[in-house]
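**Q** Build me a model from this:
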Amino acid sequence: MKFGNECYTWFMKESGKFWNNQLDHMIEVTAQAGMTGIEPIHSWMGDLSDPEKLKDSLQSHGIELAAIAFVQDWNQPEETDQEKQEAQETIELLKHFPGAVLCTVQMPTGRHDLKQRRKNLVANVNAVSRRATEAGVPCSFHPNSPETSTNRTEEDYTVILEGLDATVTGWTPDVGHIINGGMDPLKKMKQYSELINHVHYKDWDGQPEFALMGEGKVDLTGITQWLHDQDYKGWIICEDEAPQAVDDPDGVTIHDGQWIRETLIPSIH
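**A** Alright, predicted model coming up:
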């Protein structure tokens, strides 16, 4: 199984300002943690948004580009000019890294006008995914779970996942967000298993939300065993949002890699 790391663990401090333009450092720590892939955030890649510089950094640390998280508001029925331009720039960057996933994420901005805004989200994700697929870039939609998210509850999942164009986009179940939205992660993954082409791990204890990997209530062993039994070949990306990550994202990433190697993988048969 392929394990990688999401850069949001560093973004948590000062909304990215503290670790700005330090993607090379995040790649280095990911390698030190024993993981083999990384998923940066499209608007927070700094100098490494240049494909040649990104290739050099990845190669020097022996890391693959697993995906890029592409985050937009998508509150209108169609993409704005700015959203479309950023999508095109990200697709062009991903074309340099065959197989790397465009992981689409909506920025949470409230649950007002929910029915229309869920419809807008689906239309925008499908539109971006169609253009990316035509360019040879695989796509996957990642729901989240803040109180202001349009894609956090079981009803949201039904409306949105069943509205996705499965010919151009898959689904990234983020197990911590699923349980934070009141659902059972493994049950939901089994329900929409045919859509899964990318996976995010984070742990959760409900106090009030996320916990250090392995110290929460998400059945990460059971989920990993199920993915193994399904012969899942995609990435499992650790996006640890434990409170400790705010001041020590390096330490949390090293911990996650060690927990995966020493506890999670040995438990899978």
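**Q** Look at the residue nearest to V137 when sequence neighbours are not counted and report its pLDDT.
**A** Excluding its sequence neighbours, the residue lying closest to V137 (Cβ to Cβ, 6 or more residues apart in numbering) is L94, at 4.7 Å. Quick note: C-beta positions are derived from backbone N, CA and C, even for glycine. For L94, the pLDDT comes out at 98.
**Q** Just confirm L94 contacts C103, I think it does.
**A** No. In this structure, L94 is not within contact of C103 by Cβ atoms under 8 Å, at 10.2 Å.
**Q** and those two? which has more neighbours close in?
**A** Remark: of L94 and C103, C103 carries more neighbours, 28 against 25, as counted by other Cβ atoms under 10 Å.
**Q** elements contacting the strand or helix carrying that one?
**A** Taking DSSP states H and E as the criterion, C103 maps to strand 101-106. Other elements packing on strand 101-106 under the criterion 3 or more Cβ pairs under 8 Å, 6 or more residues apart in numbering; DSSP states H and E are strand 67-72, helix 81-94, helix 114-134, strand 139-141.
**Q** Kindly provide the whole-number mean pLDDT of the shortest one.
**A** Across strand 139-141, pLDDT averages out at 98.
**Q** Name the surrounding residues that touch it.
**A** By Cβ atoms under 8 Å, 6 or more residues apart in numbering, the surrounding residues in contact with strand 139-141 are 67, 101-105, 125, 128-129, 132-133, 160-161, 164, 168-172, 197-198.
**Q** cool, stretch 175-189 as well?
**A** If you take Cβ under 8 Å, 6+ apart as the criterion, stretch 175-189 is touched by 143-145, 152-154, 156-157, 173, 196, 199-204, 206, 209-210, 216-220, 222-223, 226, 239, 241.
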